[in-house]
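A.B. asks: Sequence and predicted model, in that order:
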Amino acid sequence: MSDPASSPRSLAEALRARDDASLAVLLRARPDLITPVPTDLTQLATRAGTRASVIRALERLDRFALQTAEALAVAADPAPYDELLGLMAGDEGDPAVASALPRAVALLREQALVWGDDDRLRLVRTARELLTPSPQHPSPTGLGPTVREATAGMSPGRIQEIVTAAGLPSTHDAVSAVTSLTSLFTDRRRMAALLAGAPADSLEVLTRLIWGPPYGQVTADPAPRLRWLLDRGLLLPTAPGTVVLPREVALHLRGGHAHRATEPLPPAVEAAATHRPQVVDATAAGQAYTALATVEELLKDWDEGGPAVLRAGGLSVRDLKRTAVALDVAEPVAAFWVELAYAAGLLASDGEADERYAATPAYDEWLEQSPDLRWARLAATWLTATRTPGLIGGRDAKDRTLSALGPGLDRSAAPEVRHRVLTLLAALPEGAAPSAESVLARLEWERPLRGPRTDDDLRSQLARWTLAEAEMLGVTGRGALSAHGRALLGAPEARPHRHEEHPEGPGDKLPVHHRPAPAAVPLSPPEQAAAAATAARLLAPLLPAPLDHVLLQADLTAVAPGPLQRPLADMLGVLADVESKGGATVYRFTPGSVRRALDAGRSASDLHAFLSAHSRTPVPQPLTYLIDDVARRHGHLRVGAASAYVRCDDDALLNEILADKRAAGLRLRRLAPTVLAAQADPAALLDGLRAMGFAPAAESAEGDVLIARALAHRTPPRTAPEPVPEGPPVPDTTLLSAAIRAIRAGDMAATTPHKQSPPAGGELPRTSSAETLATMQAAVLTGEALWIGYVNAEGAASQRVIAPVRVEGGFVTAYDHTADEVRTYPLHRVTGVAELADD
């Protein structure tokens, strides 16, 4: 037992007894307490008890710590540790609960939700108000009010009737009667004897109310089974037609348990399948390469200017569908890649009058990097981004549809959930892929919902999306965390894999390879950059080397058996159309694709030379004929601006065009034997003639053939969107140290005894200018510390403890204990001064 005189009388006193390391732990766990920095420990305690801060702290507790707080809310105030243990472990005891409870109490103390010694544990008042059962806010414990609370409005005569019916002697007042009744209900032996005489149907009523809700409805004339309970106070009326099971009765029937199921230990994350680490890394590397190719294809598709920006911001549903078709993926997957490119700063809106999405200059820089570095940038962005693509297509609070790249997609919890899910994967043996259900169960234990659980709660959704997105991005392979995925979390590098053959499958017995554990909390930006660089270095040797060749086939297709070098891929993308993608990419040559290459300024001889140089197989004759045939007809017709005209040395060809019914929409007329004029613009005329099967070429005003090179549209320089943090950021060590010094010094200024009585109401000390100057000069000679009031240039008043060093020119130079540094203050801003007491 601790000495009551030495026990803290308030949370402020409990905080005052902590050392700096303990305060640092509190402020790191609850960073909102130092935003801004409190002036002293009393203000820190007040802020720690505010409703918003307490709710935020309760939401970050694990299930067992929250159950401990809920048990304290239904215990006496203050409660001894043994009473709390009885509520958590029950009358029969539970070794697991007894072992875990000290940790939970220490965590609640650490976060300033509980204070006091073990024999006088007190829950912070605001937390008790939030967790105490009430009709409006039922407790997760399912308990009701105490006998004292339930009988608060009952007449003394009725209370005496209940006491007599329960077999207790009558008392002189209602207070002692309630005390006597409470004593009966908390005495296990006497309570068992009372219930032994209860009718069976009355016990059945109690059984239905044991685990809550504890309230029930009765008629004006209760049935005999209810009357027996009401007469003895085992049910107490709370309102007309409503009765409640008193807390003490429920705890007796429960065997002392505050909760139906106490969960002292987190559920294990179970492996659903196990693969060789080499297979996991290779699969993840393949997914990483696919991710890079998908992002490149997306932005290449938007190279000349992407979809228009909606008036409210974001991408229209139609444009998202079109993008999904172009990428050959489902719409949710397309939304993920679009959002990832946006979060990485690779695309943005161009800001023009007809605002459209386009690649940024950062995209060109990204393309110049090696594949491993490009992947590392995407993966690091995904891990820390707050934008949540999984919400796209849903509704916001105003029932508006959430669109890709639009507002309302930031969720502050997303980075933390992603990091935590990957950390759980990293705790498994190498190659182990967990079941999604076990991951969700673990996350739910670590951050339980204080309200009723639903299938669409945000953290569960974020966890499911994380598992799917990590697989698409190549952070995981076959559901297991890869080596470069572990490095992305900041885990130290482990020994290389042993290249030996092992079976695979859920039931296979594999040697357990363990990696060093990653960081338990998200990394700082410099640490994340270093981790991304390490991940890129581990991924680099796993990515396929770019190839400099393709395999031409007689059916006018080319097969790229792997990733192609960039110049080859760019040229082949102009000369042929992509027919299918996968492990190998199939390109198909068509008259339109060959004409596209000719329009871009290539000659037939250039195309023949290109194919001969980059094909591992002979150039098939059909492909040679196709190129020569398209090149022979290419440019035979010339289109220029009149509105538009067509000229050709072969007047028979012009006659053929005029006779074609499909040319009616172009409204052509002959100006000369070799010239036709049109009322369409040159671009429409070109498209119309090509649709008719001709191969016209555009020409300039000088008669030269125009080279149709696509101009890449780029936005002005844009910065990537900043993540939206969840509350104040976690302070670093430097800020914590400075804040604790300031709080300590301010507390000393507020609590140190003064030789003169401090003003009432916490006002600043007041002395005349002459008294202030004389006291300062005397303190310089004696080396004493002084308590001063000071008003800065912004008008903010504060109390400080200083040790004056020099007084001259209207300024005092002193060591400021509040700021822990030497400062100079204008004397005219000092409101007053007082000497500190000798002790």
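C.D. replies: Everything's here; your move. Numbers count the residues shown, from 1 in each chain.
A.B. asks: By residue count, what's the longest strand in this protein?
C.D. replies: Counting residues, the longest strand found in the chain (DSSP state E) is strand 797-808.
A.B. asks: What pairs with that strand, parallel or antiparallel?
C.D. replies: Its sheet considered, strand 797-808 pairs with strand 786-791 (antiparallel), strand 811-816 (antiparallel) by DSSP bridges.
A.B. asks: Turn the ones you listed into JSON lines, columns for mean neighbour count, distance to residue 797 and mean pLDDT.
C.D. replies: Glycine gets a C-beta too; all of them are placed from N, C-alpha and C. Shown next, in JSON lines, are those (neighbours: other C-beta atoms under 10 Å; distance: least, C-beta to C-beta, whole Å; pLDDT from 0 to 100):
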{"stretch": "strand 786-791", "mean neighbour count": "22", "distance to residue 797": "5", "mean pLDDT": "86"}
{"stretch": "strand 811-816", "mean neighbour count": "19", "distance to residue 797": "15", "mean pLDDT": "87"}
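A.B. asks: out of those, nearest to residue 630?
C.D. replies: With C-beta to C-beta as the measure, strand 811-816 is the member of those nearest residue 630 (83.7 Å).
A.B. asks: follow-up on the earlier one: just the buried positions in the longest strand of the chain, please.
C.D. replies: 799, 800, 801, 802, 804, 807 (16 or more other C-beta atoms under 10 Å).
A.B. asks: Please point out which parts of the biggest helix by length in the chain sit buried.
C.D. replies: Taking DSSP state H as the criterion, the chain has its longest helix at helix 277-301. Buried residues in helix 277-301, defined by neighbour count with 16+ other C-beta under 10 Å: 277-278, 280-281, 283-300.
A.B. asks: again with stretch 127-134
C.D. replies: Across stretch 127-134, burial judged by 16+ other C-beta under 10 Å covers 127, 128, 130, 131, 132, 133.
A.B. asks: can you check stretch 47-65 too?
C.D. replies: 47-49, 53-54, 57-58, 60-65.
A.B. asks: hmm, back to that, mind putting the strands paired with strand 797-808 in a markdown table, distance to residue 339 included?
C.D. replies: Shown next, in a markdown table, are these (distance: least, C-beta to C-beta, whole Å):
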| stretch | distance to residue 339 |
| --- | --- |
| strand 786-791 | 50 |
| strand 811-816 | 49 |
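A.B. asks: Looking at those strands, which is nearest to residue 535?
C.D. replies: Per C-beta to C-beta, nearest to residue 535 of these: strand 811-816, 46.2 Å.
A.B. asks: Beyond the closest one, next helix or strand please.
C.D. replies: Next in sequence after strand 811-816, counting helices and strands by DSSP states H and E, comes strand 821-826.
A.B. asks: And that next one, what does it pack against?
C.D. replies: The helices and strands touching strand 821-826, judged by 3 or more C-beta pairs under 8 Å, 6 or more residues apart in numbering; DSSP states H and E, are strand 797-808, strand 811-816.
A.B. asks: can you give me the end-to-end distance of stretch 132-148?
C.D. replies: 14 Å (C-alpha to C-alpha, to the nearest Å).
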